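Student: Next one to model:
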Amino acid sequence: QVQLVESGGGLVQAGDSLRLSCGASGRIFSGYAMGWFRQAPGKEREFVAAISQNGGSTYYADSVKGRFTISRDNAKNTVYLQMNSLKPEDTAVYYCAARTWGPISETHAYAYWGQGTQVTVSS
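Tutor: The predicted structure follows:
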């Protein structure tokens, strides 16, 4: 079991930045690739970014490439999502998740999920 807790969400204006954090406890954090997903009202949960176990590989949705950066600190059992140049369409609840098996951009590949943190971007 892995327990995940997100933090860092909030209300910002378009063009601002936020950094989300996700702290993990339980089984060995460094053994999991980690992902960030988001879900806007009335929409499906969608992939945002992911990072390999050692941080050597990162993956991004086209909609956030060049604006968001995922990183991790295995010594602190934490994964981060730095979000720059935020847009109103980035408004959603953001979830971190630990991948167990499957395609890295698919929700079914992740067995452990946090409770989510709200990000609201005003225009």
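Student: Mind pulling the model confidence for the closest residue to residue 123 other than its chain neighbours?
Tutor: Excluding its sequence neighbours, the residue lying closest to residue 123 (C-beta to C-beta, 6 or more residues apart in numbering) is residue 88, at 4.7 Å. In this view, the C-beta of every residue, glycine as well, is placed from N, C-alpha and C. If you check residue 88, the pLDDT there is 97.
Student: cool, residue 78 as well?
Tutor: 97.
Student: Quick check: nearest residue in space to it, chain neighbours excluded?
Tutor: Residue 78 sits nearest to residue 23 (C-beta to C-beta, 6+ apart), 5.2 Å away.
Student: just checking, that neighbour touches residue 77?
Tutor: Yes: using C-beta atoms under 8 Å, residue 23 is in contact with residue 77, at 6.2 Å.
Student: now the strands for this protein?
Tutor: Ranges of strands in the chain, per DSSP state E, are 2-7, 10-13, 18-26, 34-39, 46-51, 58-60, 68-73, 78-83, 92-99, 110-113, 117-122.
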